[in-house]
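Engineer: coordinates only, sequence not included:
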């Protein structure tokens with residue numbers, strides 16, 4: 001498929017974080033872009049403000065008349081049901097219809113491509129790497145699965161020769177990519193609704209890793225069963241972060257690479273998992289040839305990603321952090337970072353489980369992760385693309401938790417429940433629509449001072 005012959009790009013599910021990055025990209029390179037999504041959101045509002053037409057009704061009549069099969073690319077998200085009227089119309093009329101991952105594969109095929117894989121850490125590692133490359137003057141475009149605070153966008157740069165992409169294991173999407181340099185941050189079981197077993201997920205990551213022929217350009221976290229250069233904190237590895245300390249709420253650390261020792265790097269995102277993400281981004285950039293000084297400067301100025309340990313309130317008497325964590329490993333990482341930064345303080349976690357299948361597959365692990373917090377408010381499961389499963393409920397999950405201070409709450413009671421807590425550190429966690437409530441939670445907490 002030749003993208004130069006495409007004048008129009010239509011998105012079915014334009015409001016998704018990955019889809020909206022592609023929408024911004026195609027608008028930036030001069031294509032006519034519009035699309036459908038189920039509901040308005042902060043992301044769709046931002047796209048509309050940038051000049052992209054979006055409608056929220058599944059109605060074929062709302063597709064622009066100028067969007068013909070011969071000049072239009074249609075991009076769909078896996079979350080769209082097969083009964084979707086517009087999707088079926090495009091298929092029936094012989095439009096070029098592609099999944100998001102296929103389109104990323106097409107865009108990146110003719111570029112020098114960095115691919116970041118892993119069940120956790122993709123978005124943070126990709127955005128750190130994109131920031132390093134952009135700040136060093138590389139001709140880069142980075143497609144990010146989150147809004148990067150430094151750019152207030154999920155797209156970094158408008159380069160044509162270098163790309164950074166998240167290599168998403170969902171639906172085996174990452175097998176469409178053509179990476180020159182890649183990393184794998186983690187290989188925990190997830191998406192068992194797609195894969196069935198953790199062994200099947202592992203096999204898929206092995207297949208992805210095989211796409212990088214030169215194993216000196218594949219970086220893997222310590223302990224993963226893959227051939228490549230190993231990255232680790234305080235353990236022997238080709239890229240090793242050590243002498244880690246916290247100064248003025250930032251990590252300061254040294255790195256040993258195969259060719260040099262880099263001293264006193266500074267990085268502001270809390271949590272050992274984020275330090276590991278920074279190390280992997282450093283390893284990829286260094287291998288690409290980015291100067292050490294440019295890497296150090298970019299690490300010190302990276303401000304993070306919206307909904308990734310994102311501070312909403314940071315006062316001496318109250319801290320409110322919002323995070324996208326939706327897997328037990330990610331919740332544990334949030335807990336570790338909070339305890340490291342705020343020892344001996346009472347921590348309230350507000351959690352919205354994401355997907356019935358994930359809740360069912362990891363119920364015991366979720367219960368153990370959430371039980372680490374002093375107090376928990378649990379919302380109903382966010383279904384996303386799924387129908388309810390019998391017996392899989394938030395009440396069922398809560399019954400497995402060992403905290404004494406835990407409560408099931410409805411959305412309309414959430415703010416009042418948060419306000420009635422005496423916790424001095426509050427974290428909202430989950431990948432559903434809880435994120436849409438963050439501004440109103442912040443406003444209510446600010447008003448209760």
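Structural biologist: Structure's in. What do you need? Computed from a predicted model, the values in this text were never measured in an experiment.
Engineer: which SSE is residue 25 in?
Structural biologist: Residue 25 is part of helix 17-28 when elements are defined by DSSP states H and E.
Engineer: In contact with residue 446, which residues are there?
Structural biologist: residue 313 (Cβ atoms under 8 Å, 6 or more residues apart in numbering). Glycine gets a C-beta too; all of them are placed from N, C-alpha and C.
Engineer: what about it, is that helix, strand or coil?
Structural biologist: helix (DSSP: H, G, I helix; E, B strand; the rest coil).
Engineer: Flag the shaky bits of the chain, pLDDT-wise.
Structural biologist: 171, 189-196, 449 (pLDDT under 70).
Engineer: Spatially central, which residue of it would that be?
Structural biologist: For the chain, the residue sitting closest to the mean C-alpha position, by Cα atoms, centre = their mean, is residue 123 at 4.0 Å.
Engineer: Secondary structure element holding that one?
Structural biologist: Taking DSSP H and E as the definition, residue 123 sits inside helix 122-135.
Engineer: Next, the angle from that helix to helix 17-28.
Structural biologist: Interaxial angle of helix 122-135 relative to helix 17-28 (axes from the mean of the first three to the mean of the last three Cα atoms, to 10 degrees): 30 degrees.
Engineer: Show me what helix 122-135 is packed up against.
Structural biologist: The contact analysis (3 or more Cβ pairs under 8 Å, 6 or more residues apart in numbering; DSSP states H and E) places helix 122-135 against strand 112-117, strand 140-148, strand 153-156, strand 162-167, helix 272-288, helix 292-301.
Engineer: Can you name the element that comes right after the helix holding residue 25?
Structural biologist: Taking DSSP H and E, what comes next after helix 17-28 is strand 32-36.
Engineer: Could you tell me the angle between the helix or strand following that next one and strand 32-36?
Structural biologist: Next along the chain after strand 32-36, taking DSSP H and E as the criterion, comes helix 42-49. Helix 42-49 and strand 32-36 are oriented at 140 degrees to each other (the same axes, to 10 degrees).
Engineer: List the buried residues of helix 42-49.
Structural biologist: 43-44, 46-47 (16 or more other Cβ atoms under 10 Å).
Engineer: Could I get the full set of helices for the stretch 251-400 of the chain?
Structural biologist: Using DSSP state H, counting those that start in this stretch, the helices found in the stretch 251-400 of the chain span residues 272-288, 292-301, 328-341, 356-361, 363-370, 394-400.
Engineer: Tell me which residues of stretch 70-79 come out buried.
Structural biologist: Quick answer for stretch 70-79 (16+ other Cβ under 10 Å): 72-77.
Engineer: now stretch 420-430
Structural biologist: Buried-residue list, stretch 420-430, by 16+ other Cβ under 10 Å: 421, 423-430.
Engineer: Next: stretch 292-309.
Structural biologist: 292, 294-296, 298-299, 302, 304-309.
Engineer: for the residues you listed, which one is nearest residue 269?
Structural biologist: Comparing these against residue 269 with Cβ to Cβ places residue 304 closest, at 5.4 Å.
Engineer: Run a quick check on residue 177 versus residue 116, I expect a contact.
Structural biologist: No: applying Cβ atoms under 8 Å as the test, residue 177 and residue 116 come out as separate, 10.3 Å apart.
Engineer: separation between the residue nearest to residue 53 when sequence neighbours are not counted and residue 26?
Structural biologist: Spatial nearest neighbour of residue 53, excluding adjacent residues (Cβ to Cβ, 6 or more residues apart in numbering): residue 34 at 4.0 Å. According to Cβ to Cβ, to the nearest Å, residue 34 stands 10 Å off from residue 26.
Engineer: Quick check: the residue nearest to residue 53 touching residue 52?
Structural biologist: Yes: contact criterion Cβ under 8 Å: residue 34 and residue 52 qualify, at 6.2 Å.
Engineer: Can you check which residues contact both of the two?
Structural biologist: residue 14.
Engineer: Could you list the domains of this protein?
Structural biologist: Following the TED database, one finds the domains of the chain at 3-98, 111-301, 310-447.
Engineer: one step back: next, the buried residues of the helix holding residue 123.
Structural biologist: Buried-residue list, helix 122-135, by 16+ other Cβ under 10 Å: 122-135.
Engineer: just to revisit the earlier point, now flag whichever of the buried residues of stretch 70-79 is closest to residue 202.
Structural biologist: residue 77 (25.6 Å).
Engineer: who are the neighbours in contact with that closest one?
Structural biologist: Taking Cβ under 8 Å, 6+ apart, one finds 11-13, 16, 18-19, 99-100 in contact with residue 77.
Engineer: Going by distance to residue 406, which of the residues you listed wins?
Structural biologist: residue 16 (31.5 Å).
Engineer: How far does stretch 153-160 stretch from one end to the other?
Structural biologist: Using Cα to Cα, to the nearest Å, the end-to-end distance of stretch 153-160 comes out at 18 Å.
Engineer: If you count neighbours, what's buried in that stretch?
Structural biologist: Residues of stretch 153-160 classed as buried: 153-157, 159 (neighbour count, 16+ other Cβ under 10 Å).
Engineer: Can you say which two of these are spatially most distant?
Structural biologist: Maximum pairwise distance among the buried residues of stretch 153-160 (Cβ to Cβ): 15.6 Å, between 154 and 159.
Engineer: about what we covered before: between all of the buried residues of stretch 292-309, which two are separated the most?
Structural biologist: 292 and 307 (30.9 Å).
Engineer: Can I get the helices and strands packed on helix 122-135 in CSV including distance to residue 264?
Structural biologist: Shown next, in CSV, are the helices and strands packed on helix 122-135 (distance: least, Cβ to Cβ, whole Å):
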stretch, distance to residue 264
strand 112-117, 26
strand 140-148, 25
strand 153-156, 26
strand 162-167, 26
helix 272-288, 14
helix 292-301, 8
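Engineer: Please identify the most buried of the ones you listed.
Structural biologist: strand 162-167 (a mean of 28; mean count of other Cβ atoms under 10 Å).
Engineer: Centre of the chain to it, how far?
Structural biologist: 13 Å (Cα atoms, centre = their mean, to the nearest Å).
Engineer: quick check: angle from it to strand 140-148?
Structural biologist: With the same axes, to 10 degrees applied, the angle from strand 162-167 to strand 140-148 works out at 40 degrees.
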